[in-house]
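**Student:** have a look at this prediction, sequence included:
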Amino acid sequence: EAGVTQSPTHLIKTRGQQATLRCSPISGHTSVYWYQQALGLGLQFLLWYDEGEERNRGNFPPRFSGRQFPNYSSELNVNALELEDSALYLCASRTGGELFFGEGSRLTVL
Amino acid sequence: GEDVEQSLFLSVREGDSSVINCTYTDSSSTYLYWYKQEPGAGLQLLTYIFSNMDMKQDQRLTVLLNKKDKHLSLRIADTQTGDSAIYFCAESRGHTGGFKTIFGAGTRLFVKA
């Protein structure tokens, strides 16, 4: 069974551009979570989607947005990129008590 | 508050036991987790414990939960160099029909040969 998959693995953008990151949850999982892990820091909760709806968002500006599609895959969009948006973006999906992560998408903003 | 706190570093010798500690603030936490992150990789779920349990053992890993003190620990027996990684503690609580999961900052474990 495939795990949580994320694409792209790496993405390089310049300031002011937009980035789109994608996530496919484990088959059968309806909840998708996005986290930001800046270099040397812990995980900061970004967004949580379930059954196509945004259930909660962390303390991030509105230029961080996303959506969940009918097949439960999800997209994270970051507009007007800033240097401090450079980070590893991790997606997770869950069933019951188990929360599984993908390998992440590393975004570098130059 | 939503804090999950861990010490940042731990150094042990190969073959010794490692104990990584974590405290959390929300008494309504339902699940408590330990994740391992190796350099450049995502998070690997090591083990988790339901909040009505006080101990869980899985091979070299032992999780202890003191719900009264809101304290969680992970013990790794016979620590190996391959155990060197960052270990994240996390807690989940019910929220609007699902679960919200909050992570600590991670404990970097160094294993000396």
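**Tutor:** Structure's in. What do you need? Residues are numbered from 1 along each chain as shown, chains lettered A, B, ... in the order given.
**Student:** can we go C-alpha only for contacts and neighbour counts from here?
**Tutor:** Fine.
**Student:** residue ranges with poor pLDDT in chain A?
**Tutor:** A:1 (pLDDT under 70).
**Student:** can you pull out the strands in it?
**Tutor:** Applying DSSP state E to chain A gives strands spanning A:5-7, A:10-13, A:19-24, A:31-37, A:43-50, A:53-57, A:64-68, A:74-78, A:87-95, A:98-101, A:105-109.
**Student:** also chain B?
**Tutor:** Along chain B, counting by DSSP E, strands occupy B:4-6, B:9-13, B:18-24, B:31-37, B:43-50, B:55-58, B:61-66, B:71-76, B:85-95, B:98-103, B:107-112.
**Student:** once you drop chain neighbours, what's closest to the most centrally placed residue in chain A?
**Tutor:** Nearest to the mean C-alpha position of chain A, counting by C-alpha atoms, centre = their mean, stands residue A:34 at 3.7 Å. Spatial nearest neighbour of residue A:34, chain neighbours left out: residue A:91 (4.6 Å); criterion: C-alpha to C-alpha, 6 or more residues apart in numbering or on different chains.
**Student:** hang on, the earlier thing: so what's the residue nearest to the centre of chain A bridging to?
**Tutor:** Beta-bridge pairing for residue A:34 (DSSP bridges): residue A:47, residue A:91.
**Student:** kindly report the residues of chain B close to chain A.
**Tutor:** Within chain B, the positions adjacent to chain A are B:31, B:41-45, B:48, B:50, B:96, B:101-106 by C-alpha under 8 Å from any C-alpha of the partner chain.
**Student:** if we use 10 Å, what do you get?
**Tutor:** B:30-33, B:35, B:37, B:40-45, B:47-50, B:86, B:88, B:90, B:92, B:95-107 (C-alpha under 10 Å from any C-alpha of the partner chain).
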